[in-house]
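*Asks:* would you be able to build a 3D model of this:
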Amino acid sequence: MKVTSEFYTLKPYANLLYVKSFLSWDERVSKRFARDTLGIVQKCYREKPWAVLHDMEEWQLGTPEIEEILSELLNTELTNTHTHHALAVGTSQIKKWQIENIVKDISRYKIRLFKTSEDAEKWLISLGYDRSSPQF
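*Replies:* Residues are numbered from 1 along each chain as shown. Model (predicted):
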């Protein structure tokens, strides 16, 4: 049940949702991303602990409107079984600032920012999450 667009890819695994973001996002893209993400979460992760590995190294920032949309998705709309969220943001300080702004109020699950997707994935693997079993 992989979802692909020119702006993102969502690929569910047994206990991990892999997300890769591209290009710059506006309100329209953010709303579509939220809808697609919720669709996968409701089908794949309603009753078991799961994590997100979000590779944002190729993402190029977003308009100010995306912050509220993504913050709402991350703070209220994801299920209570969502336990960990690893974000690979690269080395851009502006990108890091925008992401920190979006995730600043999250307290329901553990969230960490990393420079590389490899480091983010290592952290999740150390917690028992991995991409070894695709979810169909």
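*Asks:* low-confidence ranges, this structure, go.
*Replies:* Scanning the chain with the threshold set as pLDDT under 70 gives 77, 135-136.
*Asks:* ok, which stretches of it are strands?
*Replies:* With DSSP state E, the ranges of strands along the chain come out as 3-4, 8-12, 16-25, 50-62, 82-88, 110-114.
*Asks:* distance to Arg35 added to those, as TSV?
*Replies:* All C-beta spots, glycine's among them, are computed from the backbone N, C-alpha and C. Converted to TSV, the strands of the chain look like this (distance: least, Cβ to Cβ, whole Å):
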stretch	distance to Arg35
strand 3-4	10
strand 8-12	11
strand 16-25	14
strand 50-62	16
strand 82-88	17
strand 110-114	21
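*Asks:* got the ones you listed as a markdown table, with distance to Leu127 and mean neighbour count columns?
*Replies:* Below are these laid out as a markdown table (distance: least, Cβ to Cβ, whole Å; neighbours: other Cβ atoms under 10 Å):
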| stretch | distance to Leu127 | mean neighbour count |
| --- | --- | --- |
| strand 3-4 | 24 | 14 |
| strand 8-12 | 18 | 20 |
| strand 16-25 | 10 | 20 |
| strand 50-62 | 7 | 21 |
| strand 82-88 | 6 | 22 |
| strand 110-114 | 9 | 17 |
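*Asks:* can you tell which of these is closest to Pro134?
*Replies:* Of all the strands of the chain, strand 8-12 sits nearest to Pro134, with 7.4 Å by Cβ to Cβ.
*Asks:* ok and the closest one relative to strand 50-62, angle-wise?
*Replies:* With axes from the mean of the first three to the mean of the last three Cα atoms, to 10 degrees applied, the angle from strand 8-12 to strand 50-62 works out at 180 degrees.
*Asks:* quick one: strands adjacent to strand 8-12?
*Replies:* strand 3-4 (antiparallel), strand 16-25 (antiparallel) (DSSP bridges).
*Asks:* do you know which of the strands of the chain lies nearest Lys95?
*Replies:* Each of the strands of the chain has some distance to Lys95 by Cβ to Cβ; the shortest is strand 50-62, at 5.9 Å.
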